[in-house]
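> Let me see the structure of the following:
(chains A, B and C)
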Amino acid sequence: MMSSFLFRAMDARAGLFLAIMAAVIILVPACNLLLPEGSTFHVPNYAVTLMGKYLTYALLALAVDLVWGYCGILSLGHAAFFALGGYAMGMYLMRQIGTRGVYGDPILPDFMVFLNWGELPWYWYGFDMFWFAALMVLLVPGVLAFVFGWFAFRSRVTGVYLSIITQALTYALLLAFFRNDMGFGGNNGLTDFKDILGFDIQADTTRAGLFAASGLALVLCFLICRAITRSKLGKVLVAVRDAESRTRFLGYRVEHYKLFVWTLSAMMAGIAGALYVPQVGIINPGEFAPANSIEVVIWVAVGGRGTLVGAVLGAVLVNFAKTWFTAALPDIWLFALGGLFVVVTLFLPKGIVGIVSQGWTALRQRKISEDYEAGSDEPPSQAPQSPASPANVSPKTSSSTLPADAEPQPAE
Amino acid sequence: MSLMRSFLLLLSLAASLLATPALAQSDAATLRPLINELAKGKYSETEKQIGALVATGDPQVAPALEALSDGDLYARKADGEVFIIKKAGKAYTLIDPLTMETAGEASKREIKKIKVNNSLRRVIRSALGSLTLMAPDPAVRMAAAEAIFKAKDPDGIEALDAAIAAEADDGVRKKMEEARAAAVLNSDMDEAAKLQAVSTLGTMGNRDALSRLIAVQSSSEGALREAATTEITKIEKSIAAWDAAQNIWYGLSLGSVLLLAAIGLAITFGVMGVINMAHGEMVMIGAYVTFVVQEFIRSSAPGLFEYSLFIALPLAFLTSGLVGVAIERGVIRWLYGRPLETLLATWGISLVLQQAVRSIFGPTNREVGNPDWMSGAFEIGQMTITYNRMWIIVFAMLVFAGLMLVLKKTPFGLYTRAVTQNRRMAASMGIRTPWIDALTFGLGSGIAGIAGVALSQIDNVSPNLGQGYIIDSFMVVVFGGVGNLWGTLVGAMTLGVVNKFLEPYAGAVLGKIFVLVFIILFIQKRPRGLFALKGRAVEA
Amino acid sequence: MKKTFAKLALAGLMASTIAGGAFAEDDTIKVGILHSLSGTMAISETTLKDAMLMLIEEQNKKGGLLGKKLEAVVVDPASDWPLFAEKARELIEVNGVDAVFGCWTSVSRKSVLPVFEELNSLLFYPVQYEGEESQRNVFYTGAAPNQQAIPAVDYLMNEEGVERWVLAGTDYVYPRTTNKILEAYLKSKGVADEDIMINYTPFGHSDWQTIVSDIKTFGSAGKKTAVVSTINGDANVPFYKELGNAGIKAEDIPVVAFSVGEEELAGLDTAPLVGHLAAWNYFQSADTEANAEFIDAWHAYIGDDNRVTNDPMEAHFIGFNMWVEAVEKAGTTDPDAVIDAIVGVSVPNLTGGYSAMMPNHHITKPVLIGEIQDDGQFETVWETSGLVVGDAWSDYLEGSKDLISDWRAPLSCGNFNTVTGKCGGSGS
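Numbering: from 1, shown residues only, chains lettered A, B, ... in the order given. Alright, predicted model coming up:
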């Protein structure tokens, strides 16, 4: 069962992606640790953390693509789940500092000491244990997303209304975490981490390990997303995206589908945040900024919405551009970045992946119909008996290889 | 302001010179050395010298003191003579503080400013008060009485008594009596006089009176204390009622700021369906137009400064509007039917616009001045109403009404509504939809621009100006109901008032969080906002 | 997907080529400038970038340092705090800079601290801050709370006779800590609880009606009242505008601010604000030869005679000169040598005295209280008779009163506990 589940997640593109990821996960740490500094192939420490950061961003983009690309929920608040996961991890790392803080208090983090907090607030209990923190990384964003989604989807809040209230959610959290009274370090957030699971956080090996962990998490989540989108569940999601009312009238409990994928996506974002924090060394309320959430959506759009691989590609590309521009053109880099977004939307409406696959479209299309006529057991996209495929959607648009063709249909 | 005051002072001076030889008139020969003394020594000595000047009781010293308080009194380094200085560019004109005649010019290096600090200014204020109580202009006398009220200087009682006896204007006399009461409470007069004073303050009934009474309450005992306590309770009760009114006012004022920021978005986003992330930048452009207009006026036509905002309004509308049309023609028209992609493109545009403004005007705040009619405040009962807030409320309402008229009563408005409701049919009827799109987007952007003119009066004018308003604007439009201008109006006002009622209890931060949570919950209840569009247009 | 790989390869390539470049050009000494040029902090930080470029240019005119030219490396951390850490790492590892001048907000400093510690480089931090920190690789050239807040409160108490206090601030660590210190200090001077009002607002707060009216109410209790404002840069303009319009005059309720300098006032019509106060270690109006020179150089460099100078610029001026002197003293830019050499280095400041680097990596400064004038400048109304030594650990906070910092051998500790006699804070 499991193997067929995973097997379904594979196709040429996914295979290529996985192969590259495997190479990156093995080669980058290896080239960093094993090769001497002078070597041409040596990857500097700087690049390892940087790429590690890109990978966590890619995972966040993947989570957004799952809900936006496949289910039509445009979340402008996913950075909130990312940041919550990050805070959960940050709290664990804070507790690990112990007496090595500047005040040397064994229990209280530094910011609590100098603001004269008497004792640890209750919600900090348990975070000294990794398993508890790891659980919270999943649970806190998950529960928040579940509660939020439970209300929102049942009330049939859709389209821009949903987008704007997700924005309101992350903005409210931003303001809340800015408050020093909340006990999360206010604007400074959590920083000055020492070690994780007993390993020195600044050691090269730990960095390489975190990089590999980020890569693995990305691969794992990619496989999960892939499996979901290619299953019957995935077809229903696409149906919800393309014609929500119709799907509902066909008898599907749309809100349950949405809620499931929404919560799952939030948990993935949480994992991304948890991996992000030890690599950049700080988590603070700035991560909740509404602009960050919008940027994530832009990564996905640049890469190609509804393609999973595109989300990863977009996140890495845009962030690489940002890194490069901020150093090379510090005074005018916003022109370049802003221009990039406009150009991509105007000239690459399906993102980079869309453009790349356009060339193959005709070829693949022919192959698909051949397979279909031959009655293949492994229908690439559309089973004739699937009730999830709206009748008016042509095989072309419902094919998951080309979902970017199906334009978002905001309900307004 | 200060020019005007000096002028009035001069008038009063001339009049009192003619009218009252009652106080010993000292001549210039005795006053001049006293004034020159001001240049010597530290603050504490300056204070004594001011005292000596005031002790002459001669209103002739008023201009010198006034200038000292304004920081316009300088000493000539060569001979220690003190002059009032008028700056005109790099030239400094010396004016004799007694005769008010020009006494030549000096360069910056030849003169030295006489330093003044807050406590000196306070001393001068109360001194000027007792010197100008008899001025012919009621406004000057009023100011003098207020100054004495604030200074509560028992030495002023005598002068006040004389002034009250001679006063013809009821309002000014009342103020003088209040000032006298404050001074009496600060003196060692008998209890009967003080009780009388307490009841005078009680009828006055505002915060200033309350402040005096609390001081009396804590420093006295017996009947006086009791009388003070009764009056305090009375005043506090009336103030509490006024506080609620004040809060509503604050709420309306915040609401009208939100309305101004959001109303342009209600068109580009609400009517046209473009998720316009560059909306805030349109507001910013309007604010910068105001800055440019004011700079231009300052350098070439300073007399027009009072009208700068009226000049800026059409220019801001045109500039932002044209930028809007350019954006629509250049980018957005390719994206109709893909509203979420307009989000991405306009986000990119907003980054570019911000950086453009930063490159042209620099990253720092720019100074946009308030014209006089936008400065200051007046009081209704115990409520303080600042002029700029009041005009912004009026302005927001006018903009709203104007926009409503344009959309409902003009052919252009008709076309706009037709195109947004059913593009194809409108096109079939002969409407040139592309032009209507461009003009509608231009209208929304232009209105954002004139909102920028208003916001420049209360907020920073910096490249980040727009960012601060974009989220709030979206909240307002969505809360009110997309596509409905009335919804935007009601939404903005509701959010403003709710925010201001929460703020005193929860603090500014928590208040805002509660409002956001409230919006989230509200949208669950009414998924299409306060005023939902009904009918087929909804699903189209 | 191919592109992913290509990009990764490119990233590595770029990194290595730039690093290679850095080693190839050995005839320059590189100086990193880490100030936000975009985002919310660009308002304040861009000026500091320009000031640094000017200082470096002037040093090069004087013949550079150790016979080499200085080369500025500018990056934009875009007001994004994690990006500060990333950019700091890039400056040190990829560009090979020998010292970094930068950061403004506390959180950006906290974000880069571990990087400087790990890579053992130097950071000069030019902004007044909350104290409670002393790090081996960081030099704090801005004011600690005892060099700004406490003298200001003393001034108000003694010269203006203030008895009732509003501590208003933006809700972040600097105002929180400063207000904690001030509250403890005021109470130690016998101020009662009900005479202190503390209020926090969010960043960029723009609607001050309620708070200004609260201040007015609080001020009408019959005692002389003052506002101690730690409101952050951007929110000040609407705050002062509201204050001016509500008719709160400096003679009645003076406001003393710690984050409002010439640059912030440049965005305001200051006529209604005359007499409100600010406490700094430098004002542009300082009447000294060195300052006049600095202002002229600045105007010439920036090409605009209306641009103002401010306290953090002076801090960079001092910090840069200290670094130059220490490098010359040590004969190398090696961080360890510079860290040893710089303690005790003393350079002229712009207010007519000398500032010295202390063993706790803070510097000595005069404290000036100035009143706002109608031309947007401050006029000094009071100053400390001598220089004040920056105190890393406040004596008025429970957790830090026993801590001292001394980076000279043999102590070499940033948080030495004088009670337990151990390095490493106040805990067990």
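> do you know how far the nearest residue to A:H42 once chain neighbours are set aside is from chain C?
Spatial nearest neighbour of A:H42, excluding adjacent residues (Cβ to Cβ, 6 or more residues apart in numbering or on different chains): A:L35 at 4.4 Å. (Each C-beta comes from the backbone N, C-alpha and C, glycine too.) Look at A:L35 and chain C: by Cβ to the nearest Cβ, to the nearest Å, they are 11 Å apart.
> right, and the secondary structure at A:L35 would be what?
At A:L35 the chain is in coil, as set by DSSP: H, G, I helix; E, B strand; the rest coil.
> and what of C:V166?
Under three-state DSSP, the three-state class of C:V166 is strand.
> burial of it, as a residue count?
By other Cβ atoms under 10 Å in any protein chain shown, 21 other residues sit near C:V166.
> cool, and the one 5 residues further on?
By other Cβ under 10 Å, 23 other residues sit near C:D171.
> Please give me every residue in contact with it.
Residues in contact with C:D171, defined by Cβ atoms under 8 Å, 6 or more residues apart in numbering or on different chains, are A:178-180, A:186-187, B:509, C:200-203.
> ditto for A:V240
A:V240 neighbours (Cβ under 8 Å, 6+ apart): A:71-72, A:247, A:252, A:254, A:257-258.
> go again using 7 Å as the cut-off
A:71-72, A:247, A:254, A:257-258 (Cβ atoms under 7 Å, 6 or more residues apart in numbering or on different chains).
> Return the item of the residues you listed having minimum pLDDT.
Note: of the contacts of A:V240, the lowest pLDDT belongs to A:G72, at 89.
> related to what we said a few turns ago, quick one: buried ones out of the contacts of C:D171?
Those of the contacts of C:D171 that meet the buried threshold are A:178-180, A:186-187, B:509, C:200-203, by 16 or more other Cβ atoms under 10 Å in any protein chain shown.
> what would these look like in TSV with secondary structure, pLDDT and distance to B:L309?
Formatted as TSV, the buried ones among the contacts of C:D171 follow (DSSP: H, G, I helix; E, B strand; the rest coil; pLDDT from 0 to 100; distance: Cβ to Cβ, whole Å):
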residue	secondary structure	pLDDT	distance to B:L309
A:F178	helix	88	34
A:R179	coil	86	37
A:N180	helix	84	40
A:G186	helix	86	39
A:N187	helix	86	36
B:V509	helix	83	32
C:Y200	strand	89	33
C:T201	strand	87	28
C:P202	coil	82	29
C:F203	coil	80	28
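> secondary structure element for the closest residue to chain C within the stretch 301-412 of chain A?
Residue nearest to chain C within the stretch 301-412 of chain A (Cβ to the nearest Cβ): A:P330, separated by 3.8 Å. Using DSSP states H and E, A:P330 sits in no helix or strand.
> go on, A:Q202?
Using DSSP H and E, A:Q202 is not contained in any helix or strand.
> the bottom helix or strand of chain A by mean pLDDT?
helix A:395-398 (a mean of 38; mean pLDDT, DSSP states H and E).
> picking that back up, would you mind measuring from the residue nearest to A:H42 to A:V43?
8 Å (Cβ to Cβ, to the nearest Å).
> Not counting sequence-adjacent ones, nearest residue to C:H362?
Closest residue to C:H362 in three dimensions, ignoring its sequence neighbours and counting by Cβ to Cβ, 6+ apart: C:G390, at 2.9 Å.
> right, I mislabeled it, should have said B:A151
Nearest one to B:A151, counting by Cβ to Cβ, 6+ apart, is B:S126 at 3.1 Å.
> can you tell me which residues contact B:I380?
For B:I380, the contact set (Cβ under 7 Å, 6+ apart) is empty.
> Could you give the bridge partners of it?
B:M383 (DSSP bridges).
> quick one: the longest helix that chain B contains near chain C?
What stands out as the longest helix in chain B, according to DSSP state H, is helix B:222-265. Yes. Applying Cβ under 7 Å from any Cβ of the partner chain, one finds that helix B:222-265 is in contact with chain C at B:246, B:250, B:253-254.
> quick one: is that helix near chain A?
No. Helix B:222-265 lies out of reach of chain A by Cβ under 7 Å from any Cβ, never closer than 11.3 Å.
> next helix or strand past that helix?
helix B:279-300.
> Could you report the neighbour count for C:D305?
Neighbours of C:D305 (other Cβ under 10 Å): 10.
> Please read the previous query as pertaining to A:Y257.
A:Y257, neighbours per other Cβ under 10 Å, totals 20.
> Just the angle for the longest helix of chain B relative to helix B:279-300, thanks.
110 degrees (axes from the mean of the first three to the mean of the last three Cα atoms, to 10 degrees).
> What is the burial count for the nearest residue to the residue of the stretch 301-412 of chain A closest to chain C once chain neighbours are set aside?
Spatial nearest neighbour of A:P330, chain neighbours left out: C:D76 (3.8 Å); criterion: Cβ to Cβ, 6+ apart. As a burial measure, C:D76 scores 30 neighbours (other Cβ under 10 Å).
> Contact partners for C:D76?
By Cβ under 7 Å, 6+ apart, C:D76 lies in contact with A:326, A:330, A:333, C:36-38.
> Check the secondary structure at the residue in the stretch 351-500 of chain B that chain A sits nearest to for me.
Closest residue of the stretch 351-500 of chain B to chain A, Cβ to the nearest Cβ: B:L351 (3.3 Å). Using three-state DSSP, the structure places B:L351 in helix.
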